[in-house]
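> fold the following.
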Amino acid sequence: MNNEHIEGFELISEISVIETIAVNLSIRERDRLKSQFGNFRWKKLKGVAHVRFPNGKIYKAEIHWYEAHGVGRRKMKIKHVLE
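As a prediction, the model looks like this:
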């Protein structure tokens, strides 16, 4: 299975092992986030959760997303399937 940037999944557990991997100016997609969602202090985070794919299979996966206070999580994607 190609693990990079998988979309079209359902989050079925809480995200754990959350780490911040970039903040504001160090985020490459910052300008796009600002134009789509507003001028906030954006963070890029990663964590681990169980996800369900459209075919019904459930996997543990590493997920990356962007987040800002008052906006919530945006652009969630799977970076790696762990199981």
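
> give me the residue at the spatial middle of this structure.
residue 65 (2.4 Å; Cα atoms, centre = their mean).

> what sits against the residue nearest to residue 24 when sequence neighbours are not counted?
Among residues not flanking residue 24 along the chain, residue 41 sits closest, at 5.3 Å (Cβ to Cβ, 6 or more residues apart in numbering). C-beta: built from backbone N, CA, C; applies to glycine. Residue 41 sits next to 23, 24, 68, 69 when contact means Cβ atoms under 8 Å, 6 or more residues apart in numbering.

> most neighbours among those, which one?
Ranked by the number of neighbours (other Cβ atoms under 10 Å), those place residue 68 first, at 18 neighbours.

> what's the spacing between that one and residue 25?
Remark: distance between residue 68 and residue 25 (Cβ to Cβ, to the nearest Å) = 14 Å.

> what do you get for residue 78?
26 Å.

> what of residue 79?
22 Å.

> same thing with residue 71?
Using Cβ to Cβ, one gets 18 Å for the distance from residue 71 to residue 25.

> residue 15 now?
In this view, residue 15 and residue 25 are 25 Å apart by Cβ to Cβ.

> more neighbours: these two, which one.
residue 15 (16 against 8).

> list the contacts of the more buried one.
Residue 15 touches 47, 48, 49, 63, counting by Cβ under 8 Å, 6+ apart.

> touching, the last one and residue 73? I think so.
Translated: residue 63. No. Look at residue 63 against residue 73 with Cβ atoms under 8 Å: they stay out of range, at 9.4 Å.

> since that was my last question, I'll sign off now.
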